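Visitor: here you go, sequence then predicted model.
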Amino acid sequence: PDVVENGVTGYLVPQKNVIALAEKIAYLILHPQLREKMGKAGREKYEKEFTLEIFENKLLSIFREVIDIF
C-alpha cells in the first residue's frame, strides 16, 4: 500500500484472492489507455519517492537523528 495508490498507480487486491487479481489484470488488458496512465503515474511516484538516492538520503537522516540523541 505504500507503493501503490489504488486506482492511480495500480490496483490493490486482497491477498490470496486470485479472482480479484485476474479481474484487475483483465480490466487493464482491455483498457490500454488506463494501463499506460497508471504505468506513467507509477514511474513518476517511484522517481519522486523510491529511488536509491532518496532511500539513502532518508536513511542518512535517520542516522543523523539517532546520533544527535546521543
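Guide: Yes, it's here. Residues are numbered from 1 along each chain as shown.

Visitor: would you map the helices across this protein?
Guide: Ranges of helices within the chain are 18-30, 32-49, 52-69, based on DSSP state H.

Visitor: quick one: list the elements packing against the first one.
Guide: On a contact count with 3 or more C-beta pairs under 8 Å, 6 or more residues apart in numbering; DSSP states H and E, helix 18-30 meets helix 32-49. The C-beta positions use only the backbone N, C-alpha and C, and glycine is treated the same way.

Visitor: give me that answer again for 7 Å
Guide: With contacts defined as 3 or more C-beta pairs under 7 Å, 6 or more residues apart in numbering; DSSP states H and E, helix 18-30 has no helix or strand neighbours.

Visitor: rewinding a little: which of the helices of the chain sits closest to Thr9?
Guide: helix 32-49 (4.0 Å; C-beta to C-beta).

Visitor: just checking, what packs against the closest one?
Guide: So helix 32-49, by 3+ C-beta pairs under 7 Å, 6+ apart, packs with no helix or strand.

Visitor: any chance you could list what contacts that helix?
Guide: 8-10, 28 (C-beta atoms under 7 Å, 6 or more residues apart in numbering).
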